[in-house]
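Student: build me a model from this:
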Amino acid sequence: MAFGETLTSLRKAKGLSQEQLAESLNIARQTISKWELNQSTPDMNYIAKLSEFFNVSTDYLIKGENEKENSALKTETLSSGNIIRTANTSSDKVAYKWCFLLGIISIIISFGGIIAFGICSAMHPWGATIGSMYFEGLMGFLLGTKSFWFFAVLVITLIAGISLASYGIIKQIKRTEDEK
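Tutor: Prediction:
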C-alpha cells in the first residue's frame with residue numbers, strides 16, 4: 001500500500017476529514033490532499049507527527065505494511081519518547097534462551113574442570129617453591145604442573161558463564177513483564 005492510501009485509511013478509520021487532520025498538524029488541507037494523492041510526501045518531521053498521531057510505526061506509514069501480518073515485530077517507544085525501535089521479539093526470546101543455555105554449558109564445563117583439578121591435587125600432592133614461598137595443595141599442584149594458566153581460564157569461563165546465564169534469565173523475566 002502506498003503512503004497516500006495508508007494515510008487516507010488511517011484518517012478515515014479515525015473519522016477525520018482532511019480539514020480536521022490538517023488543523024491538528026497545523027498545516028493546510030491541500031497539503032493533506034497532496035499527500036493522500038501521492039503528489040507529494042511529508043518530510044521526516046511530519047512522518048513522526050503522523051506516526052504519533054495515529055499511533056502506528058513510521059514503517060507502517062512509509063511502507064504501508066500491515067502490522068497485524070508482521071505480528072512478530074513489536075514497536076517500542078523508548079524513554080526519550082521520539083525514538084522508535086522495532087525489535088523482532090521472537091528472535092529476542094530465542095537469543096535470550098541461547099544466552100542462558102550457553103551460560104549453563106560454560107558453568108558445567110568450567111566447574112567440572114575446576115573440580116577435576118581439585119581431585120588431582122588431592123590424589124597427587126604436589127609442592128612448588130616460588131622465591132621464598134612454598135605452596136602445597138591445589139596451588140602447589142597448579143604451579144608444580146605449570147597448569148595455573150589453564151585453571152585461570154576455567155575460572156574466567158565460569159564467571160563468564162554465570163554472567164551469560166544471568167543475563168539470559170534477567171532479559172527473559174524483563175521481556176515477560178513487558179508483554180503483560
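Student: please count neighbours and contacts with C-alpha atoms only from this point.
Tutor: Fine.
Student: so Phe111 is in contact with Ile159, correct?
Tutor: No - using C-alpha atoms under 8 Å, Phe111 makes no contact with Ile159, being 10.0 Å away.
Student: quick one, strands of this protein?
Tutor: For the chain, the strands defined by DSSP state E cover 73-77, 84-88, 128-130, 133-135.
Student: residue ranges with poor pLDDT in the protein?
Tutor: 1, 65-91, 179-180 (pLDDT under 70).
Student: can you list the domains in the chain?
Tutor: As given by automatic domain parsing, the domain ranges for the chain are 3-71, 90-179.
Student: export these to JSON lines and tack on mean neighbour count?
Tutor: Formatted as JSON lines, these follow (neighbours: other C-alpha atoms under 10 Å):
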{"stretch": "domain 3-71", "mean neighbour count": "15"}
{"stretch": "domain 90-179", "mean neighbour count": "16"}
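Student: without its sequence neighbours, what residue ends up closest to Tyr96?
Tutor: Nearest non-adjacent residue to Tyr96, counting by C-alpha to C-alpha, 6 or more residues apart in numbering: Gly168, 4.5 Å away.
Student: my guess is that neighbour meets Asp92, correct?
Tutor: No - Gly168 is beyond contact range of Asp92, at 10.2 Å (criterion: C-alpha under 8 Å).
Student: which residue is nearest the middle of the protein?
Tutor: Asp92 (5.9 Å; C-alpha atoms, centre = their mean).
Student: having no further points to raise, I will conclude here.
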